[in-house]
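Trainee: after the sequence you'll find the predicted model.
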Amino acid sequence: MSSVTPAAGGQRPAANDHRWLILVIVAIAQLMVVLDATVVNIALPSAQHALGFPNGDRQWVVTAYALAFGSLLLLGGRLGDMFSRKRVFIIGLAGFALSSALGGAAQSFEMLVAARALQGVFGAILAPSALGTLVSTFRDPRERGRAFGVFGSVAGGGGAVGLILGGVLTQYFSWRWTLYVNLVFAAIAITGALVYMQTNLPDSRPRMDWAGTVLASAGLFALVFGFSHAETAGWTAALTIGSLIAGVVLLAAFAFAESRVSHPLLPLRVVLDRARGGSYISVGLTGIAIFGVFLFLTYYLQLIKGYSPVTSGLAFLPMIACILLSSNTSSIVLLPRVGPRALIVTGMLLGGGSMTYLTQLTVTSSYAVSIVPALVAMGLGFGMIFAPAINTATSGVAQRDSGVASALVNTMQQVGGSIGTAALSTVALTATAAYLAAHHVGRLAPATAAVHGFSVAFTVSAALFSLGALVAVLLLPSRRRLQELRDVAAADAAAVALSPALADAMATSSADARR
């Protein structure tokens, strides 16, 4: 079982004879969190029919989860740095499972939305502790590459797995099982954590930055709410504009406050590192695109081509397979040889090319010719982005900051997904309405207009990938720079083994060097 070990200067990596089993446990937890962003989408029509709520309220089943999850991630990450990460991880798993059971048993719309919000709260605790555990467990560069290859596969492909699982559970069982299934994932992960994870306690617990917590949570909440509200009310609605402005102002105040307090929620040294900042931006931009792909391709397959939920989910299998292949190859084989810049730029270009290819879709396009090549390119591209970006974003970070650095990865992906879903939906709907107004004659006019809207959204996604490629060229490190970061991380680890005081001094100097 586990033992309690105080760590010097932070939470020391566990002496893991079971580190690969811990990787499996962490991957299961992360899969549960990531797929929950899409698994419920497939079940929404069935849930709406069962509980009798109107179309106007349907978005809240998704938005409630996104609001709670996105706004509380930084707080969840800091909790992992303050307390035993094992305990925080297990609490997150248990809370996520119980709130999922509540949602599965929902007898009203209000009960379902409340359960989804609770899922978001515990997901915000769970996701950073999962990635933080991985950062603490795998410090050797070669093993770290393998571990992050697996984690990147889950981060990139989990949403597509959610579409498949949601379709199967909804079609053959019940929409309620898209929530109940989390009990199975959580039970496996909790059992594994209790048996194989080590309880590491920080020797000095940092104080909570309550002012920063309130500003960050409120700012992220306003930002996610604003983009979500735009999807239904439009970009010119007063509440949309007010929420987005408030989000920007609150996050600016948060950044100012963090530079003034002695125990910041998000130490600026974490984000001011150029390589780390570039990785966060890469994850965020890819998050915008990947959720848009799932959304519009699902609409196209079901509404235009008439595919069933299960068939629509299975249609994404080529992308999932390529993500698995590309994530592991990129992180294990290529990242040490070429560095993150070349990989992420290539991934962005593949993503942009696949989006450009999808702009050619028509009502009569075939799946094999018009969709499969794009799915293959997307899968390879996403694999080249997620695993190297997450690895680089957490490489060389001080142990005491690993939780909040991990939380920021999840924050960028979640906020990016919210922005992508809302912004691209608005773009697609506007283009569809304009096309239908100009070409309203004919039996296929509504379907043709919808496909035109999807094509415009794919064009915007392609432009975002181009921006991501430019950011990667300017900010991300070369192979030589990556090796320097690893040397710094090794020096930090050696300092931790020597003494707490020396560890703090070297962590400060290495942070300055990385800037």
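Mentor: Noted; the coordinates are in hand.
Trainee: how close does S243 sit to V415?
Mentor: Using CB to CB, to the nearest Å, we find S243 at a distance of 13 Å from V415. (C-beta placed from N, C-alpha, C; glycine too.)
Trainee: name the residues contacting each of these two.
Mentor: Shared contacts of S243 and V415, defined by CB atoms under 8 Å, 6 or more residues apart in numbering, are found at L223.
Trainee: buried sites along the helix or strand where L134 lies?
Mentor: Mapping L134 onto the secondary structure by DSSP states H and E places it in helix 109-137. By neighbour count, with 16 or more other CB atoms under 10 Å as the criterion, the buried positions of helix 109-137 are 109, 112-137.
Trainee: all strands for the stretch 101-250 of the chain, in order.
Mentor: With strands called from DSSP state E, counting those that start in this stretch, the stretch 101-250 of the chain shows them at 199-202.
Trainee: in the lengthiest helix in the chain, what's buried?
Mentor: Selection of the longest helix in the chain by residue count, based on DSSP state H, yields helix 402-438. Of all the residues in helix 402-438, those buried under the rule 16+ other CB under 10 Å are 402-429, 431-432, 435-436.
Trainee: give me the mean pLDDT for that helix.
Mentor: Mean per-residue pLDDT for helix 402-438: 79.
Trainee: where does the stretch 251-400 of the chain have low pLDDT?
Mentor: Counting by pLDDT under 70, the stretch 251-400 of the chain contains low-confidence ranges at 291-292, 399.
Trainee: could you pull up the contacting residues of the residue nearest the centre of the chain?
Mentor: Centrality entry for the chain: nearest residue to the mean C-alpha point is Q413, 3.5 Å, by CA atoms, centre = their mean. Listed by CB under 8 Å, 6+ apart, the contact set of Q413 reads 155, 283-284, 286-287.
Trainee: just put those residues in CSV and tack on secondary structure, distance to L74 and neighbour count.
Mentor: Shown next, in CSV, are the contacts of Q413 (DSSP: H, G, I helix; E, B strand; the rest coil; distance: CB to CB, whole Å; neighbours: other CB atoms under 10 Å):
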residue, secondary structure, distance to L74, neighbour count
A155, helix, 18, 32
V283, helix, 15, 25
G284, helix, 14, 24
T286, helix, 20, 29
G287, helix, 16, 25
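Trainee: of the residues you listed, which is the nearest to L380?
Mentor: Closest approach between the contacts of Q413 and L380, by CB to CB: T286, at 13.1 Å.
Trainee: tell me who's in contact with that closest one.
Mentor: By CB under 8 Å, 6+ apart, T286 lies in contact with 347-348, 351, 382, 385-386, 389, 413, 416, 468.
Trainee: 6 Å - rerun?
Mentor: With contacts defined as CB atoms under 6 Å, 6 or more residues apart in numbering, the neighbours of T286 are I385.
Trainee: for L134, see how far away it is.
Mentor: In this view, T286 and L134 are 19 Å apart by CB to CB.
Trainee: same check on F294?
Mentor: Taking CB to CB as the measure, F294 and L134 are separated by 25 Å.
Trainee: flag the shaky bits of the stretch 101-250 of the chain, pLDDT-wise.
Mentor: Using pLDDT under 70, the stretch 101-250 of the chain drops low at 156, 201-206.
Trainee: tell me where it has helices.
Mentor: Counting by DSSP state H, counting those that start in this stretch, the segments of the stretch 101-250 of the chain that form helices are 109-137, 141-172, 177-196, 210-233, 238-258.
Trainee: state the number of residues packed around the residue nearest to M111 when sequence neighbours are not counted.
Mentor: With CB to CB, 6 or more residues apart in numbering as the criterion, M111 has its nearest non-adjacent residue at 7.2 Å, and that residue is L102. Counted by other CB atoms under 10 Å, the residues lying close to L102 total 17.
Trainee: equivalent analysis for S366, please.
Mentor: What S366 shows, counting by other CB under 10 Å, is a neighbour count of 10.
Trainee: ditto for the one 5 residues further on
Mentor: Counted with other CB under 10 Å, the burial measure for I371 works out to 23 neighbours.
Trainee: may I see the buried residues of stretch 308-326?
Mentor: When neighbours are counted by 16+ other CB under 10 Å, the buried residues of stretch 308-326 are found to be 309-320, 322-324, 326.
Trainee: can you list contacts of that stretch?
Mentor: For stretch 308-326, the external contacting residues (CB under 6 Å, 6+ apart) are 42, 153, 156-157, 160, 163-164, 167-168, 170-171, 298, 301-302, 372, 375-376, 378-380, 382-384.
Trainee: from those residues, which would you call buried?
Mentor: Neighbour-count burial within these applies to 42, 153, 156-157, 160, 163-164, 167-168, 170-171, 298, 301-302, 375-376, 378-380, 382-384; the criterion is 16+ other CB under 10 Å.
Trainee: so what touches stretch 61-71?
Mentor: With CB under 6 Å, 6+ apart, stretch 61-71 has contacts from 113, 116-117, 119-121, 123-124, 217, 220-221, 224-225, 228, 414-415, 418.
Trainee: CA atoms of that stretch as CSV?
Mentor: These are the backbone C-alpha positions of stretch 61-71, laid out as CSV (Å, rounded to 0.1, in the frame of the first residue of the first chain):
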residue,chain,number,x,y,z
VAL,A,61,-26.5,20.7,-20.0
VAL,A,62,-23.2,21.3,-21.8
THR,A,63,-22.6,24.9,-20.6
ALA,A,64,-23.0,24.1,-16.9
TYR,A,65,-20.2,21.6,-17.1
ALA,A,66,-17.9,23.9,-19.1
LEU,A,67,-18.5,26.9,-16.8
ALA,A,68,-17.7,25.0,-13.6
PHE,A,69,-14.8,23.1,-15.1
GLY,A,70,-13.1,26.0,-16.9
SER,A,71,-13.4,28.6,-14.1
